[in-house]
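A.B. asks: Fold the following and give me the result.
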Amino acid sequence: MKIEFVTYMFLPQSTGGTQVYTNNIARALQDSGHQVSLFAGDLETQQPVGSPRLHQVDYDGLLLNRLQFSWGSRSAYYGPQLLFNPDVYQVTVDHWQENRPDLIHVTYCGHFSAAPLQAAVDLGIPVVMTATDYWLICPIGTLLKRDDSLCMGRQSGTTCQQCIHGDTRVSQLMSYLPPTLQEGIVSASKQLNRFALTNGAIDLIGAVEARNGTLPKLLNQVDLLFTPSRFMKDTLVAAGLINHERVHVFPHGHNIQRAMIGKHKSCSDKIRFGYTSNLAPIKGAHILIQAFRELQTDSASLTIYGNPNSYPDYAVQCRALAQDDPRIVFAGAFNNERIGEILQDIDVLVVPSLWYENAPVTIAEAFVAKTPLIVTDLGGMAEAVEADVNGLRFPLGDANRLAQQMQRFLDEPGLVQRFRLSIPEVRSVQDEADALEGIYRQLIQGVPVNFPMNDQVNASLVDKLVEFA
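C.D. replies: Prediction:
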């Protein structure tokens, strides 16, 4: 089969979980004898509007089509291009007409907009989408409001503009107006046209409303929509984006061999806590540092991995919170090829994220390495870690409660081993590739793909979503 994966960001320019996942599954399918390529954005070079440039590179044996295009300023992207980027659409249509794939699998739209999905549908090419983040119901993909509080997603344009353009005078003025008056201003600005196109806050309102109305219709034309976690499915359904029978939970496969060496822990007389997520504010490393500082013992250590150059101001803030505590080590960035080696020296991994997450790769890697976790009791993290069975949870952003959970590992000597014995097996990337191969063949042949219908919406997870929003 000839398969092309689409992801706005890809290695080595971006090294997040979605990029690692896309790389792994593409290589597994290629190793199984299929002709696999990728279509990704080039984050290093922009082209002027109307002049996109597609070029091919070899990325360690994978054919990578890199698109240089204009994602423009914030006002441009969070405007008409929020739903549909005409440059991306035309390039994908031309590219797929010339190099007709049998199937297209989209793992991340981002600044590409929904253009690749629309292009595949218009060309009649079978298309699968895996929702790896919340972009389908949140323009910025995180479900975080401007004040970092949580959101349910798929909000009105007037609500979204406060998150994205909240620092502008127009946005601040609009926030004081009743919704009916806001809608009237948006409608009038469209008629005036010029004002709508030159004011980002007002333009965004119309773009979000168009997005909210159009994306559900487009997704109903996509052949299959997957989510790697139950929580993601329930979130999309709760937001009114899609009916539950149209979206299927399909867990990610992982590179098990890479992390497996982490099962063989090095010797230590301390409880070694670790952090291997990105060093970004929404990942909550500062909460972990505050919690660890509450532990009054020399029998514990904390190693924090993460590139300090990604968010340099935040990295400085984290170091300041550590106050030169000799028990805390900032180990910097690392190549994911080393994750097993790194987990050998971690007894308990902490994932203190301040947003919902989806299906964190860090949790799967820890499970492969039989490493218990402490995670935020939220979203995909709470779904993956069973409290007091293979790890512990703590309330969102609560450093005090996190410190108490960490203390348990110090007070209960057998806790690490008890949790290790209850850690579930992790799906391998080859297992997922084998399953996808069968699904792809059915779609290409026009055979209906049947999934079990026992995955009704989980009301408790939706209630928790509403509680935090």
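A.B. asks: rest of the way, CA atoms for contacts and neighbours
C.D. replies: Will do.
A.B. asks: OK, contacts around L225?
C.D. replies: L225 sits next to 128-131, 219, 246-248 when contact means Cα atoms under 8 Å, 6 or more residues apart in numbering.
A.B. asks: tell me which element it is part of?
C.D. replies: strand 224-227 (DSSP states H and E).
A.B. asks: can you give me how far that strand is from the chain middle?
C.D. replies: Averaging C-alpha positions (Cα atoms, centre = their mean, to the nearest Å) puts strand 224-227 14 Å from its chain's average.
A.B. asks: Output that strand as CSV, nothing but the C-alphas.
C.D. replies: Output of strand 224-227 as CSV, limited to C-alpha atoms (Å, rounded to 0.1, in the frame of the first residue of the first chain):
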residue,chain,number,x,y,z
LEU,A,224,-12.3,7.0,10.3
LEU,A,225,-11.6,9.2,13.4
PHE,A,226,-9.4,7.7,16.1
THR,A,227,-8.6,8.9,19.6
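A.B. asks: Quick check: can you name the pairing partners of that strand and their directions?
C.D. replies: strand 127-130 (parallel), strand 247-249 (parallel) (DSSP bridges).
A.B. asks: Just after the first one, pick out the following helix or strand.
C.D. replies: This means strand 127-130. Trace forward from strand 127-130 with DSSP H and E and the next one is helix 157-164.
A.B. asks: Only the buried residues of that following helix, if you could.
C.D. replies: Buried residues in helix 157-164, counted by 16 or more other Cα atoms under 10 Å: 157-164.
A.B. asks: mind listing what the nearest residue to I261 once chain neighbours are set aside touches?
C.D. replies: Counting by Cα to Cα, 6 or more residues apart in numbering, G340 is the residue found nearest to I261 once chain neighbours are left out, at 5.0 Å. Taking Cα under 8 Å, 6+ apart, we find G340 in contact with 258-263, 369.
A.B. asks: now, which of these lie within strands?
C.D. replies: With strands taken from DSSP state E, there is no overlap with those.
A.B. asks: Out of the residues you listed, which one has the weakest pLDDT?
C.D. replies: Within the contacts of G340, R258 has the lowest pLDDT, namely 89.
A.B. asks: And for that one, the neighbour number?
C.D. replies: When neighbours are defined as other Cα atoms under 10 Å, R258 has 17 of them.
A.B. asks: surely it meets L343?
C.D. replies: No. At 10.7 Å, R258 does not count as touching L343 under the criterion of Cα atoms under 8 Å.
A.B. asks: what helix or strand is V449 on?
C.D. replies: When elements are assigned from DSSP H and E, V449 belongs to no helix and no strand.
A.B. asks: The residue nearest to P251 when sequence neighbours are not counted and D31, how far apart?
C.D. replies: Nearest residue to P251 in three dimensions, chain neighbours excluded: P228, at 4.2 Å (Cα to Cα, 6+ apart). Plainly put, P228 is 23 Å away from D31 if you go by Cα to Cα, to the nearest Å.
A.B. asks: returning to what we had before: which residues sit in contact with the residue nearest to P251?
C.D. replies: 130-132, 249-252, 358-359.
A.B. asks: rewinding a little: got TSV for the contacts of L225, with distance to F84, pLDDT and neighbour count too?
C.D. replies: Shown next, in TSV, are the contacts of L225 (distance: Cα to Cα, whole Å; pLDDT from 0 to 100; neighbours: other Cα atoms under 10 Å):
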residue	distance to F84	pLDDT	neighbour count
V128	19	98	22
M129	17	98	22
T130	19	97	20
A131	18	96	23
L219	14	94	21
R246	23	91	15
V247	22	93	24
H248	25	94	20
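A.B. asks: Give me the phi and psi for F84.
C.D. replies: Main-chain dihedrals, F84, degrees, to the nearest 10: phi -150, psi 120.
A.B. asks: hey, what's it bridged with?
C.D. replies: Here F84 sits in beta bridges with S113, as judged by DSSP bridges.
A.B. asks: For it, grab the count of nearby residues.
C.D. replies: For F84, the neighbour count with other Cα under 10 Å is 21.
A.B. asks: My understanding was that it contacts L117; is that so?
C.D. replies: No. With contact defined as Cα under 8 Å, F84 does not reach L117; the gap is 9.9 Å.
A.B. asks: Need the CA coordinates for stretch 26-40. PDB is fine.
C.D. replies: In PDB, the C-alpha atoms belonging to stretch 26-40 read as follows (Å, rounded to 0.1, in the frame of the first residue of the first chain):
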ATOM      1  CA  ALA A  26       5.300   5.300   9.800                       C
ATOM      2  CA  ARG A  27       8.600   3.300  10.100                       C
ATOM      3  CA  ALA A  28       6.700   0.200  11.400                       C
ATOM      4  CA  LEU A  29       4.500   0.200   8.300                       C
ATOM      5  CA  GLN A  30       7.500   0.900   6.000                       C
ATOM      6  CA  ASP A  31       9.400  -2.100   7.600                       C
ATOM      7  CA  SER A  32       6.300  -4.200   6.800                       C
ATOM      8  CA  GLY A  33       6.900  -3.500   3.100                       C
ATOM      9  CA  HIS A  34       4.500  -0.600   2.500                       C
ATOM     10  CA  GLN A  35       5.500   2.600   0.600                       C
ATOM     11  CA  VAL A  36       5.300   5.200   3.300                       C
ATOM     12  CA  SER A  37       5.900   9.000   3.100                       C
ATOM     13  CA  LEU A  38       5.200  12.000   5.300                       C
ATOM     14  CA  PHE A  39       3.800  15.500   4.600                       C
ATOM     15  CA  ALA A  40       4.900  18.000   7.200                       C
END
